[in-house]
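# Starting from these lines, generate the structure:
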Amino acid sequence: MTLLNPWFLVLIPLAFTPFWLKSRQGQLYSWLEIAPEDKFSEIANYIIKVMITLLILSIIFALASPQGAERKVQKVGKGAQTVLVIDRSVSMDKPFAGDPTSGVATEIKSAAARRLITKFINERPDDMMGVVSFTNSALYNVKITSNREAIHSAIKAATSSALNQTNIGSGVTAGIAMFDKIQSSGSRAVILLSDGAGKISPRVKQKIAEQLTEKKINLYWIVLHEPDQVSIFTKQKFREGEVTSLELHKFFSSLKIKYKAFEADNPTTLQAALQYIDSKEKNVIQYTVTVPGHDYSKNLIVMALVLALLILIIKNLRVHSWQNI
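Got it, this is the predicted structure:
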């Protein structure tokens, strides 16, 4: 057992004040010899002092927050170890193109990504997930974990206000590196979500290729496509370096891993891409969950309330002797 706030234990001496203070309740006698002996009252008074001491001790130990030992529990489920690598460039704050004939823009890309990724997470309760966002460099949001609250907070942060640059190589390498700190439990995947791609140096490409292959990580790339962008699936020829997203797609396709790319130009196609990934990344996985120790503060507070109630009842009891009228 551990105490989260052990400094409250310095208050323990206060618990014994009922034994130090003398009670002045009762009647006054001018001569003690005429005072009748009352063993019952003496015992009752002593019991009340003990109960008050226990009451104060309960409050002090509750404030100290005693916690039981954590436990490691092995769980088996269907899912994958997944890292979401999310673009936070300023273009992610633009809306999807929508229907050009309606003249109405649809949902903002980052908002749609947050909504649909949250739904994706909720539908995969057995997944362990990590989140990395990137602009001009990688921004760690949360390590690979099964803690849903932490994952949702990380997604919210990764889809918040955007910055100006896109360093996709830094985001991918940071996402892959997250798998270094956790033992493989079966299926592993990186989901890259961006609306474009920057240039990646040959050194970074080599690093990405080696690590994806070595760690047996599946790669999915969802491109939030705009009408004026060149499709990554085009057969049209371009000069080297002219269309960075097309070159990145070719690079990913050349790797000896499971790779799948999608183009989403509205929330519906984005949802379809996530549903496809959901259907493919459902394998049996084993993982360890840390179960926090029991919080004894609540038990101590209940004990203090019960003692306080008993003391209140006892203090209001009166024993009357029979007197001759």
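# From now on I want contacts and neighbour counts done on CA atoms only, so please keep to that.
OK.
# Can I take it that Val190 is in a strand?
Yes - the assignment for Val190 is a strand, going by DSSP: H, G, I helix; E, B strand; the rest coil.
# now the strands: where do they sit in the chain?
Along the chain, the stretches classed as strands by DSSP state E are 2-3, 66-67, 71-79, 81-87, 128-134, 138-145, 188-194, 218-224, 259-264, 283-291.
# okay, now the nearest residue to Phe252 once chain neighbours are set aside: neighbour count?
Leaving aside its chain neighbours, Phe252 sits nearest to Tyr259 (7.0 Å; criterion: Cα to Cα, 6 or more residues apart in numbering). For Tyr259, the neighbour count with other Cα atoms under 10 Å is 17.
# What of Ala158?
By other Cα under 10 Å, 26 other residues sit near Ala158.
# OK, contacts around the closest residue to it other than its chain neighbours?
In this structure, Ala158 finds its nearest non-sequential neighbour in Ser133, 5.4 Å apart by Cα to Cα, 6+ apart. Ser133 is in contact with Val85, Ile86, Asp87, Arg88, Leu139, Tyr140, Asn141, Ala158, Gly171, counting by Cα atoms under 8 Å, 6 or more residues apart in numbering.
# switch to 10 Å and redo it
Residues in contact with Ser133 (Cα atoms under 10 Å, 6 or more residues apart in numbering) are 84-89, 139-142, 154-155, 157-159, 168, 170-172, 174-175, 192-193.
# List only buried entries from the residues you listed.
Among the contacts of Ser133, the ones that count as buried by 16 or more other Cα atoms under 10 Å are 84-89, 139-142, 154-155, 157-159, 168, 170-172, 174-175, 192-193.
# related to what we said a few turns ago, between the strands of the chain, which one is nearest to Leu317?
Of all those, strand 66-67 sits nearest to Leu317, with 35.1 Å by Cα to Cα.
# Check which helices and strands the closest one is in contact with.
Other elements packing on strand 66-67 under the criterion 3 or more Cα pairs under 10 Å, 6 or more residues apart in numbering; DSSP states H and E are strand 2-3, helix 297-315.
# could those be laid out in JSON lines, adding distance to Val243 and mean pLDDT?
Output for the helices and strands packed on strand 66-67, formatted as JSON lines (distance: least, Cα to Cα, whole Å; pLDDT from 0 to 100):
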{"stretch": "strand 2-3", "distance to Val243": "58", "mean pLDDT": "84"}
{"stretch": "helix 297-315", "distance to Val243": "61", "mean pLDDT": "89"}
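# could you dump these to CSV with distance to Glu42 and mean neighbour count?
As requested, these are arranged in CSV below (distance: least, Cα to Cα, whole Å; neighbours: other Cα atoms under 10 Å):
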stretch, distance to Glu42, mean neighbour count
strand 2-3, 37, 14
helix 297-315, 13, 15
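# what about those, which gets the closest to Lys75?
Using Cα to Cα, the nearest of these to Lys75 is strand 2-3, at 25.7 Å.
# just checking, what packs against that closest one?
Short answer (3+ Cα pairs under 10 Å, 6+ apart): strand 2-3 packs on helix 39-63, strand 66-67.
# Could I get those in JSON lines, plus columns for distance to Met129 and mean pLDDT?
Formatted as JSON lines, those follow (distance: least, Cα to Cα, whole Å; pLDDT from 0 to 100):
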{"stretch": "helix 39-63", "distance to Met129": "35", "mean pLDDT": "87"}
{"stretch": "strand 66-67", "distance to Met129": "27", "mean pLDDT": "88"}
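# any chance of those in TSV, plus mean neighbour count?
As requested, the helices and strands packed on strand 2-3 are exported to TSV (neighbours: other Cα atoms under 10 Å):
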stretch	mean neighbour count
helix 39-63	17
strand 66-67	18
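# would CSV of the ones you listed with distance to Pro125 be doable?
As requested, those are exported to CSV (distance: least, Cα to Cα, whole Å):
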stretch, distance to Pro125
helix 39-63, 34
strand 66-67, 27
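# Distance to Leu300 added to the strands of the chain, as a markdown table?
What follows is these, written out as a markdown table (distance: least, Cα to Cα, whole Å):
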| stretch | distance to Leu300 |
| --- | --- |
| strand 2-3 | 13 |
| strand 66-67 | 10 |
| strand 71-79 | 22 |
| strand 81-87 | 40 |
| strand 128-134 | 35 |
| strand 138-145 | 32 |
| strand 188-194 | 44 |
| strand 218-224 | 50 |
| strand 259-264 | 55 |
| strand 283-291 | 21 |
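# Compare the ones you listed and give me the one nearest Phe233.
strand 259-264 (8.9 Å).
# Can you spell out which helices and strands pack onto that closest one?
Using 3+ Cα pairs under 10 Å, 6+ apart: strand 259-264 touches strand 188-194, strand 218-224, helix 244-254, helix 267-280.
# which one of the ones you listed has the most crowded surroundings?
By mean neighbour count, with neighbours taken as mean count of other Cα atoms under 10 Å, strand 188-194 ranks first of the helices and strands packed on strand 259-264 at a mean of 23.
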